[in-house]
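no sequence on this one, just coordinates:
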């Protein structure tokens, strides 16, 4: 994992490129939505989608009718967490604090029923921990309508930008302007009941206790 | 804008597909990071990047050495805002509340100095309003090191999912489980000064007044 190939070797902004194998699961744990890049009719298409993962694979799912859930050709899955803005003394040095992972691989369609349930469980529990046990699990008919793809985590590039602006010791420091970072604070809000929910049914603790907690730890 | 082509016509989840021309600028206004999908050596690559936009074009920038900022071939730029989780009575009906825009087009490199400054201003002011006037603007040397691409907004697909779970009037309602939405609450935090900043310099109001405000209106 994270052994550099020609395209995952960090070419630019080397200070942001990470090679610690622990950084990839950290970014995948912090993110919620991946952007899947595929080729459709020879052109790139980028689709947002939720995901799950284990030590070996990232899992994506969707309808069997989806154009983006294809196998056989290489895809790129990018997970990005925006942590804040880098506000410098010059426009040129502005930037963002972020954590991102780019994973390249050929998706494999999961057909084995046990592996399908395993992957869907990872996906559900990554986004909404506790819901796999709380809610009704997929029926055979629902499983037949679901495409689950797994992409190996073998080729990945991780970048983390968590520092202040770069121009604090350059000539622009003499401008006397404020510079620093403006963080993004993302937390879970208060659960909003389905309007069709009968009165008296409260959110279970695995949902209600998320309120106010940070989303991307 | 938003006139459907074969690939931007909404094929699935038609209830989420939007055709109101006002929806595209709304999604672009709410987002901060775009995911740019390009072809590199015949394979898709998806790169997170900030952006700016006007009524006609979306602007992306980066180093002149970047592999992803290429012209001549079609790209896909996707902007996604995650608004919350859809927590249903069954695993199958889980999903996310989101707003997303997918823009397809061939990037044009901006070479005209006035247009370059125009695009960089839009980009800076989208992410950090007020900073274009507050900080030092790009020098000619910095402009020469910057690639700015513009992609027409002519072909775009917008999807918005803002509703509750779909299974409130189905058989799973009899399970008696709580169901609804768990919102994402994203706000700007408190500015963190650059450690190299001399004491006594306070953040200007256009930065300090953002604290506590929602990021994706």
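Perfect, thanks for sending it. Everything numeric here is computed off the predicted structure, so don't read it as measured data. Residues are numbered from 1 along each chain as shown, chains lettered A, B, ... in the order given.

paired strands for the lengthiest strand in chain A, with orientation please.
Using DSSP state E, we find that the single longest strand of chain A is strand A:75-87. The sheet places strand A:75-87 alongside strand A:33-40 (antiparallel), strand A:95-105 (antiparallel), strand A:180-188 (antiparallel), with pairing taken from DSSP bridges.

so can I have CSV of these showing mean pLDDT?
Output for these, formatted as CSV (pLDDT from 0 to 100):
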stretch, mean pLDDT
strand A:33-40, 95
strand A:95-105, 97
strand A:180-188, 97
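
does anything pack onto the top helix by length along chain A? Which helices or strands?
When chain A is parsed with DSSP state H, its longest helix is helix A:113-127. Judged by 3 or more CB pairs under 8 Å, 6 or more residues apart in numbering or on different chains; DSSP states H and E, helix A:113-127 is in contact with strand A:43-53, strand A:57-63, helix A:131-134, helix A:140-144, strand A:146-152. C-beta: built from backbone N, CA, C; applies to glycine.

mind listing what's buried in stretch A:152-169?
A:152-153, A:155-161, A:164-168 (16 or more other CB atoms under 10 Å in any protein chain shown).

for stretch A:195-210, that is, sorry about that
A:197, A:203, A:204, A:207, A:210.

and those residues near chain B, which?
A:197, A:203, A:204, A:207, A:210 (CB under 8 Å from any CB of the partner chain).

which of the residues you listed lies closest to chain B?
Of all those, chain B sits closest to residue A:203, with 4.8 Å by CB to the nearest CB.

spit out the contact partners of the closest one.
Taking CB atoms under 8 Å, 6 or more residues apart in numbering or on different chains, we find residue A:203 in contact with A:191, A:193, B:178, B:180.

mind running it again at 6 Å?
Applying CB atoms under 6 Å, 6 or more residues apart in numbering or on different chains to residue A:203 gives the contacts A:191, B:178.

next one: it from residue A:126, what distance?
19 Å (CB to CB, to the nearest Å).

that older thread, how much does the longest strand of chain A deviate in direction from strand B:43-53?
Between strand A:75-87 and strand B:43-53, the angle comes out at 30 degrees (axes from the mean of the first three to the mean of the last three CA atoms, to 10 degrees).

any idea how far strand A:75-87 is from the middle of the chain?
In terms of CA atoms, centre = their mean, to the nearest Å, the centre of strand A:75-87 is set 9 Å apart from its chain centre.

so for that strand, mean pLDDT?
Average pLDDT, strand A:75-87: 97.

poorly predicted segments of chain A, please.
A:1-15, A:63-65, A:217 (pLDDT under 70).

now with 90, please.
Scanning chain A for pLDDT under 90 picks out the ranges A:1-22, A:62-72, A:216-217.
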